[in-house]
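>>> I'd like to go over a predicted model; first the sequence, then the structure.
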Amino acid sequence: MIRVAGREHPWRTGMTVADLLRETEDAHDCPVVRVNDHYISRPNYETTPIPDEADVFFITMIAGG
Amino acid sequence: MSGYDLKLVQTFKYQRPAIDKGYAHQTLYVDLSSLEIAAKPVTPTMKDVFIGGKGFDLWLLWNAVNPTTRWNDPENAVCIACGPLGGTPAYPGSGKSIAATLSPLTGTVIDSNVGGYFGPYLKFSGFDAVEIQGKSEREVIVYVDGIDQTVQVFAATGLPEDAYQLSDVLTGHFAQGKPRNISVVSAGPGAKNTFFGCLNFSWYDPKRQRARYKQAGRGGVGTVFADKGLKALVARWDAGISVETNQPADRERLKKVAKLHSKEIVELDPKQNEMARIGTTHIVTIMNDHDLLPTHNFRFGSHREAPNLGQAVFRKLFDPGYDGCWMGCTVACSHGVRDFTPLTGPYRGRKVFVDGPEYETIAGCGSLLGIFDPHTVIELNFYCDAYGLDTISVGTSTAFAMECFELGLITTAHTGGLQLYFGNRAAALDIVHQMARGESFGRLVGQGVRRMKSIFAEEFGADPRILDDIGMESKGLEFSEYVTKESLAQQGGYGLALKGPQHDEAWLIFLDMVHNLMPTFEKKAEALHWFPMFRTWFSLCGLCKLPWNDIVPEDNKSTAEPAKVMKHVQWYAAYFSSVTGRESAPDDLIRMSEAVYNFQRIFNLRMGLGRREHDTLPYRAVGPVTDLEYESRAERYDKQLTDTHRVDITGKGTAEKVALLRTFREQQYETLKNAVYQRRGWTADGIPTLSTVKRLGIDFPEVVALLKANGVTA
Ligand code: SF4
C-alpha cells in the first residue's frame, strides 16, 4: 500500500510513477511527482519505481525563482 | 571586535509620523557630499501612480539623475524602499526591501527585491524610502534610529571589511542589548573592486543568535553603495511588530486574509515543494531533467552529475529550524549551512554559518562552471556574500571566461597562470578572492561579461563574433540561470526584461516548454504582459513573490488559468485593499504595475536604452552556437528543421544546419518582440505610445517631451 496525497492506494511490485499516473484520475498533467524525499520529473516517470509504503505527492506547478 | 571608531559627524532629529494605512508619508534624503539630511513628503501622485517600493525608488531616482548621469557620478542615488504592505508579520512574505540605482553594468536602472528587516524598520521609523546621493571622501555609516527619532552619520575607521563581520559588529554596536531591533545593509570589498557588488541585508535570528543575510544581488547596487563611501546603512526599530503596526484600514479583513494564506502554506508546503525544508534547491534536478539547468556556460541543459547539487544533498546540509527572512513568513525558505569550514581564503579552517545556497547560486557557481561539488558551491556562496558579490554575475562571468579559455580565445598569459577550464574548483575560488582584492585576472572578470567581451576582442585579439554569441549578457547584465534555447517565451522573458536578463520579471520557461500553455505568438505575448506586470506588483508593495505560486491551492489545477493562481491573486487584492483602504480587484493590481513598468521603460529610454535594438540576446540564449551543441541534441534540432521549418536536411553538414536553425530562431524572436510590443501598447521600436502613457496616468510633461524627442507623438 502507498499513500497518494494522503490517500491509500494499492501497490504492486514493479509499479512505476508512470503506472501510478495512469491509474489516478486527478493526476492531470503534472510535471513532477514527489516520491518520499525524491522529486521525479516527467522524463523519468517510466523508469522510476515506487517503493511499497511510499508517500507520493503530485506537484502540479513548478514556479521557478 | 575592538579597534574601530565611529565619529559622529551629522545628526538630524525628526518627529516620527504615525504610520497610516501602510505609509509613513515621507522619505529620507541623505547627501553624503554635503551631509544634508532631510525628510521629503510623499505626494498624492507618488501614492496613486507609483504605489510604493520600487515605484517610489524610480520616482526618487528619476528626479535625482539626468540623462547623462553615470553610475559613479555623485548625483546617482541609491534608493531603498519598503512598500505599503511591507512589515506585516501575519501575511507570508511581507518584509521585502527594494533597492534601485543606476547600474554600473547597464547604465540604467537596476532594481533588486531583497529580504531582511531593513525596509520595514525604515518605514516604521518614519520613512517609506531612503534616497542616498553624493559621495563621502571617508567611509561613513548612516544610522536611522526610529526609536530615538534621529538620523546620524558617523565617520568610520577600523571596521571589518567583509559583510559578515561588519554586520555582526554593527549589530552589536547599535543594539543596546536587543540585536533583533537592528538591520544592517552593507556591501564589502568585492563591491568596491567589481561592477557587480551586491548588498547584504541583515535580520537577526534569535534562535541561532546571529545576524543572517539576504542579498540585493543584481546589477551592482553594492558597487554604487561602496563607491559613495557608504560603509553601511543601519536601521533600529522595536522588533515587537504586529498587524497593527501598519495601521491598516481594515484590520479584521487583513487578519482574515493573512490567516487564510498563512494556513494554506503550512498545510500544503509539506505536500508540495517543501520550501520550509529545502528552499529552492528542489529546482536543480527538475531543471536538469528537463534540459534547462545551465552547464558549461549555457552550452547544455543537463549533466549526469547534477544530482550531486540537488535537494537530496542540501536536505542533509541545511541547518534545520525556522528560516523566515521576515517575521512570521510561513514559507520560511531562507536556509543556511551551519559549521561550514572553508578550504581557502581568509576564513580557511574556521567554522562559519553560510546563508544559502539557493537555486541560482547552485546553478551559477556550480553547474554553469562545470562544478558539481556542493562544498565548493557553498564556499563560493559564502565568499561572494562576505565580499559583497552577486553570485549570479560571478557565476555567469566566470563561466564565460572559462569557455573563452577552453576555446583558446584567452590563455594563461591573460589569466595570470590560472588554468581556467570548466570544473576547476580551485581556479573558480581564486577568481572570487582576486575579485575581492581587485587583483589579477579576477579584477577583469569582475567587470562583467560585456566589458570582458570588449577587452578580449580589442586587447587580446579574440574574434568578437564568437564572444557576442557566447557572452551571456543582455543590456550589460549577466543572465540568471536558466537555459532558454527551447523556450521562445523565456527568451522574451529575458530579452525584454527592463533591467536585463533576470528571471524575477518573467519566469515562463516551464509554462511554455513543459506545460505548453502558450503555443502561439499571441499567447506568449499575453503571458509576457500579465506575468511581468503581476510580478512587478510585489516590488511595489514590499512583498516576496514566492508565496504567490510556489505553494498553490489543491484545486488550482482545475481552475481556468492555473498558471496565474488566481485564488492567491484575489487574496493579494484583498490584502492590498485592507491595508491601504484603496479597494482593488486583481485587474487593478495589474494596472498599478503597468504604470510603473512603462515608466521604467521610459526611464531606460531617457538613459539611452529602451528601444528595440536593446532587447537583444546572445545567440546562445536562442539556439546552439557550436557544432558540438547542435550534435549533442541533433535529433531535436534535425526534427525542428524538417518538421517545423520544412527544410530538406539531406546531405547538409552540421555547420550548415546550425546556420539554418539560427535564421529561423532569430526570426521567431523578432516576431515575438512585435507581438509583445503591440500587446504592451508600445511602438514597433519598443517605446510606449503617448496614448499608453496617458491611459496609465504617467503623462508627466517630462515624459511627454521625452517621447516627442524620440518621435512618439500619438
Ligand atoms: S518566502 Fe522565503 S524569501 Fe520570501 S519572505 Fe519568506 S522566507 Fe523570505
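Yep, that arrived.

>>> Work out for me the element the residue in the stretch 601-714 of chain B positioned nearest to chain A sits within.
Relative to chain A, the nearest point of the stretch 601-714 of chain B is residue B:636 (12.9 Å; CB to the nearest CB). Every residue, glycine included, has its C-beta placed from N, CA and C. Residue B:636 belongs to helix B:634-639 when elements are defined using DSSP states H and E.

>>> Repeat that for residue B:215.
Residue B:215 belongs to strand B:210-216 when assigned by DSSP H and E.

>>> repeat for residue B:360
helix B:359-364.

>>> Show the contacting residues for the residue in the stretch 451-600 of chain B positioned nearest to chain A.
Closest residue of the stretch 451-600 of chain B to chain A, CB to the nearest CB: residue B:507 (3.7 Å). Neighbour list for residue B:507: A:63-65, B:482, B:490, B:493, B:531 [criterion: CB atoms under 8 Å, 6 or more residues apart in numbering or on different chains].

>>> Relative to the ligand, how far out is it?
Counting by CB to the nearest ligand atom, to the nearest Å, the separation of residue B:507 from the ligand is 15 Å.

>>> still on that earlier bit, tell me the pLDDT at the closest residue to the residue of the stretch 601-714 of chain B closest to chain A other than its chain neighbours?
Computed as CB to CB, 6 or more residues apart in numbering or on different chains, the closest residue to residue B:636 that is not its neighbour in sequence is residue B:486, at 7.8 Å. We have a pLDDT of 96 for residue B:486.

>>> Residue B:486 against residue B:514, yeah?
No. Look at residue B:486 against residue B:514 with CB atoms under 8 Å: they stay out of range, at 10.1 Å.

>>> Need the per-residue pLDDT for the closest residue to chain A within the stretch 201-350 of chain B.
Of all residues in the stretch 201-350 of chain B, the one sitting closest to chain A is residue B:289 (3.4 Å; CB to the nearest CB). You'll see residue B:289 listed with a pLDDT of 96.

>>> low-scoring stretches of chain B, by residue?
B:1-2 (pLDDT under 70).

>>> Up against the ligand, what does it have?
B:93, B:115, B:324-326, B:329, B:331-334, B:544, B:546-547 (CB under 6 Å from any ligand atom).

>>> The strand holding residue B:215 and chain A, any residue contact?
No. Using CB under 8 Å from any CB of the partner chain, strand B:210-216 stays clear of chain A, coming no nearer than 13.1 Å.

>>> Moving C-terminal from that strand, which element do we reach first?
Per DSSP H and E, the first helix or strand lying C-terminal to strand B:210-216 is helix B:221-227.

>>> ok so, going back, quick check: buried residues in the helix or strand following the helix holding residue B:360?
Later in the chain than helix B:359-364, the nearest helix or strand by DSSP H and E is helix B:374-387. Within helix B:374-387, the residues that qualify as buried are B:374, B:376-387, counting by 16 or more other CB atoms under 10 Å in any protein chain shown.

>>> Also stretch B:146-166?
B:146, B:150-156, B:159-166.

>>> Pull up the distance across that stretch, start to finish.
This stretch, stretch B:146-166, spans 21 Å end to end (CA to CA, to the nearest Å).

>>> now that stretch, how far from the centre of its chain.
25 Å (CA atoms, centre = their mean, to the nearest Å).

>>> Check stretch B:508-525 too.
With CA atoms, centre = their mean as the basis, the mean position of stretch B:508-525 lies at 23 Å from the chain mean.

>>> CA atoms only for that stretch - export them in CSV, please.
Taking Å, rounded to 0.1, in the frame of the first residue of the first chain, the C-alpha atoms of stretch B:508-525 are listed here in CSV:
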residue,chain,number,x,y,z
LEU,B,508,7.8,31.4,-18.2
ILE,B,509,10.1,28.6,-19.1
PHE,B,510,8.1,25.8,-17.5
LEU,B,511,4.7,27.1,-18.6
ASP,B,512,6.0,27.4,-22.1
MET,B,513,8.1,24.3,-22.6
VAL,B,514,6.7,21.7,-20.2
HIS,B,515,3.0,22.7,-19.9
ASN,B,516,2.8,24.1,-23.4
LEU,B,517,0.4,26.7,-22.2
MET,B,518,1.4,29.3,-24.9
PRO,B,519,1.6,27.7,-28.3
THR,B,520,1.0,30.9,-30.3
PHE,B,521,2.9,34.2,-30.5
GLU,B,522,-0.3,36.0,-29.2
LYS,B,523,-0.4,33.7,-26.1
LYS,B,524,3.3,34.2,-25.5
ALA,B,525,2.8,38.0,-25.8
